[in-house]
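Undergrad: heads up, no residue letters with this:
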């Protein structure tokens, strides 16, 4: 029996108090995500239960009980305090998916500081922009990523500590660097938690927009109330489950459901810190008897590409429930998963700003392959007209997704960017920036983004950021960045580039520019294709018309070109 | 004459390794997290430029790119 039971009944009788009561929380009480994910589970009599099974790329495995993670997070919190880190200081986590990332996140929250997880593949420029915006006081990282921090250190006087979790004792530390070995540090059993409340800031996740620099999405400790219940009802986490969320905690899925949702529900979760290969993923499921698997369309399509034969080599009968997030899950992938795993991947829709799943398919509900499902009980979502922002009264019309604000994990602000935050609300609706329609049974059907942001493999990439990076290359005069279709990643980055005098387009220059962007920003932002052109389409006022380039890539109508400048 | 294994290994180390991690001809590159799936595109482009070949997308799989040895085996299939 699924936790949600009847969706319609849940909608009718919903109150967030259901979640608060299960968590033992009363309005006005202190609430700390770090405590709820560790100490509370131990107090419920599950101290010896496995909380985390971690496997590295070299086959190394580490196992932690809930009591282990309680003490480890205390130990990290204690160490951070000894460095002078205090509540609301920003502490960046810049690591691969190693245990210190998961435990460090909760340790930071226990002292009331704000966790700022960043994707470890970010290049130095992407890292700097986000650390500068947050005025981050400390960064926890691995020795392999320290060179990127050192490269930008002179520009960051506010960054006081670089904490290296795997420092080689034989190698010298440099300015502001400090070694911290979690396994060797004295375990802290009793810890004086910083008292946080529902509105105390907890997490700062960065997300990209069409224009401007990335925005720091601020969440609060009260977000737990949404994340706990959505994990329980949508991912259907039961006490005996072995759960695998494949997302990296550098992104919001990896924290909301790869840390908070899983641990606050007291389940055992597995983490695989290795690159993708179909064999390795299936082997991992078989070995750990994964029952609930939360992954992404890109990964699912990569598995499809690897073929059905490889699936047959493994015993995947432990799988009970599959869900997907990051970008729309195409109907072919839903049908394929039903064929090879005997159950469909259920699509879930949400974003960094919403903090939790807001529109989704539920266990037991009729699945329409390709549909996003229905709004989570207690979260009222609809589709509004793009001009008037009034909800449609008829089904099937395409407009903007709109959500009534007020659920516990809704973002509280963009860090130091109140103006952009306010623009996300129109006529009393929160507008996520996606287009959709609703059918006559209330199911949402995703259509596309309402802006130029590129969703590649479930990660948002700002064309502005990529264009800015391209312009820093010595050969590039002008650039325009759009998405192009891709089977695995749904869309990938494509750049149109004009060259400065003296530079000639060549295969070597093409590769050099690709690698330049990859190292500066990230592999996600690297153009997968660069087209050298003589000129870019512009308006008469000189603004580059990305829309025209985008339409050509997707085989769409170009539309109104009356403002296009003459050649 | 350049040794293909040395050329590929040197390129991987220079482009994708930030610290002093040692890369041998058998080191897992993709499953080992040294080269991610997005970066594989630039590695494929390098091989195509260097050896004047075209590797079909369906052959450029994470498994085929998972070590210097495997990459060289793949490249040799397409060198005339």
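TA: Received it, and whenever you're ready, just let me know what you need. What you are looking at is a predicted structure, and each value in this text was computed from that prediction instead of being measured. Residues are numbered from 1 along each chain as shown, chains lettered A, B, ... in the order given.
Undergrad: how about residue A:79, secondary structure?
TA: Per DSSP: H, G, I helix; E, B strand; the rest coil, the secondary structure class of residue A:79 is helix.
Undergrad: Leaving out the residues flanking it, which one is nearest to it?
TA: Nearest residue to residue A:79, sequence neighbours excluded (C-beta to C-beta, 6 or more residues apart in numbering or on different chains): residue A:180, at 5.7 Å. Any C-beta I mention is one placed from the backbone N, CA and C, and that applies to glycine too.
Undergrad: do you know how far the one you found is from chain B?
TA: Taking C-beta to the nearest C-beta, to the nearest Å as the measure, residue A:180 falls 18 Å from chain B.
Undergrad: what's around that residue, how many residues?
TA: When neighbours are defined as other C-beta atoms under 10 Å in any protein chain shown, residue A:180 has 21 of them.
Undergrad: distance of it from residue A:103?
TA: Distance, residue A:180 to residue A:103, by C-beta to C-beta, to the nearest Å: 11 Å.
Undergrad: Quickly list what's touching both of the two.
TA: Common neighbours of residue A:180 and residue A:103 are listed as residue A:76 (criterion: C-beta atoms under 8 Å, 6 or more residues apart in numbering or on different chains).
Undergrad: so where's the chain uncertain?
TA: I'll assume chain A. Within chain A, the set of residues satisfying pLDDT under 70 comprises A:210, A:562-567.
Undergrad: please go with chain B instead
TA: Applying pLDDT under 70 to chain B flags the ranges B:1.
Undergrad: Quick check, central residue of it?
TA: Centroid-nearest residue in chain B: residue B:71, 4.9 Å away (criterion: C-alpha atoms, centre = their mean).
Undergrad: so the closest residue to chain B within chain A is in which element?
TA: Ranked by C-beta to the nearest C-beta, the top residue of chain A for proximity to chain B is residue A:523, at 3.7 Å. Assessed by DSSP states H and E, residue A:523 sits outside every helix and strand.
Undergrad: burial count for it?
TA: By other C-beta under 10 Å, 24 other residues sit near residue A:523.
Undergrad: does it really touch residue B:39, like I thought?
TA: Yes. At 4.4 Å, residue A:523 counts as touching residue B:39 under the criterion of C-beta atoms under 8 Å.
Undergrad: phi, psi of the residue of chain B found nearest chain A?
TA: When scored by C-beta to the nearest C-beta, chain B has residue B:38 as its residue closest to chain A, at 3.7 Å. Main-chain torsions, residue B:38, degrees, to the nearest 10: phi -70, psi -40.
Undergrad: That one touches residue A:521, doesn't it?
TA: No. Taking contacts as C-beta under 8 Å, residue B:38 lies outside contact range of residue A:521: 11.1 Å.
Undergrad: And for residue A:505, nearest residue in space, chain neighbours not counted?
TA: Using C-beta to C-beta, 6+ apart and skipping the chain neighbours, the partner closest in space to residue A:505 is residue A:532 (3.7 Å).
Undergrad: Which residues of chain A lie near chain B?
TA: Contacts of chain A with chain B, taken as C-beta under 8 Å from any C-beta of the partner chain, map to A:57-58, A:96, A:121, A:143-148, A:273-280, A:302, A:305-306, A:456-457, A:488, A:507-508, A:510-511, A:514-515, A:518, A:523-524, A:526, A:528.
Undergrad: Straight-line length of stretch B:11-27, end to end?
TA: End-to-end span of stretch B:11-27 (C-alpha to C-alpha, to the nearest Å): 14 Å.
Undergrad: Go ahead and name everything in contact with that stretch.
TA: Here stretch B:11-27 has contacts from A:143-148, A:515, B:5, B:9, B:29, B:34-35, B:39, B:42-43, B:46, B:67-69, B:72, using C-beta under 8 Å, 6+ apart.
Undergrad: so after the helix or strand harbouring residue A:202, what's the next helix or strand?
TA: Element membership for residue A:202, per DSSP H and E: strand A:201-207. Of the helices and strands lying after strand A:201-207 in sequence (DSSP H and E), the nearest is strand A:215-220.
Undergrad: and the very next helix or strand once past that following strand with strand A:201-207, angle?
TA: Downstream of strand A:215-220, the next assigned helix or strand under DSSP H and E is helix A:224-233. Between helix A:224-233 and strand A:201-207, the angle comes out at 70 degrees (axes from the mean of the first three to the mean of the last three C-alpha atoms, to 10 degrees).
Undergrad: just checking, what packs against helix A:224-233?
TA: Where contact means 3 or more C-beta pairs under 8 Å, 6 or more residues apart in numbering or on different chains; DSSP states H and E, helix A:224-233 is packed against helix A:17-23, helix A:33-37, helix A:261-264.
Undergrad: switch to 6 Å and redo it
TA: Counting contacts by 3 or more C-beta pairs under 6 Å, 6 or more residues apart in numbering or on different chains; DSSP states H and E, helix A:224-233 is packed against helix A:17-23, helix A:261-264.
Undergrad: Out of these, the one nearest residue A:561 is which?
TA: The closest of these to residue A:561 is helix A:261-264. By C-beta to C-beta, the value is 47.4 Å.
Undergrad: got the contact list for the following helix or strand past that closest one?
TA: Per DSSP H and E, the first helix or strand lying C-terminal to helix A:261-264 is strand A:268-273. Contact with strand A:268-273 is made by A:50, A:53-56, A:96-98, A:242-244, A:262, A:284, A:288, as judged by C-beta atoms under 6 Å, 6 or more residues apart in numbering or on different chains.
Undergrad: Likewise for stretch A:188-204?
TA: Contacts to stretch A:188-204, defined as C-beta under 6 Å, 6+ apart, come from residues A:30-33, A:35, A:71, A:74-75, A:78, A:87, A:109-112, A:114-116, A:134, A:216, A:218-222, A:415.
Undergrad: In ChimeraX, select just the buried ones from the residues you listed.
TA: Buried residues within those, by 16 or more other C-beta atoms under 10 Å in any protein chain shown, are selected in ChimeraX with:
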select /A:31,32,33,35,71,74,75,78,109,110,111,112,114,115,116,134,216,218,219,220,221,222,415
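Undergrad: Now do the phi/psi pair for the residue nearest to residue A:390 when sequence neighbours are not counted.
TA: Residue nearest to residue A:390 in three dimensions, not counting chain neighbours: residue A:384, with 6.0 Å by C-beta to C-beta, 6+ apart. Dihedral angles of residue A:384 (phi, psi; degrees, to the nearest 10) stand at phi -120, psi 160.
Undergrad: For chain B, which segments are assigned as helices?
TA: Using DSSP state H, the helices found in chain B span residues B:4-16, B:40-51, B:68-78.
Undergrad: Actually, the stretch 251-400 of chain A.
TA: Counting by DSSP state H, counting those that start in this stretch, the stretch 251-400 of chain A has helices at residues A:252-255, A:261-264, A:278-288, A:297-306, A:309-312, A:331-341.
Undergrad: hmm, back to that, who has more neighbours, residue B:38 and residue A:521?
TA: A count of neighbours by other C-beta under 10 Å puts residue A:521 above the other of residue B:38 and residue A:521, at 26 against 21.
Undergrad: most tightly surrounded among the helices and strands packed on helix A:224-233?
TA: helix A:261-264 (a mean of 28; mean count of other C-beta atoms under 10 Å in any protein chain shown).
Undergrad: where's residue A:152, which helix or strand?
TA: With DSSP H and E as criterion, residue A:152 is part of helix A:146-152.
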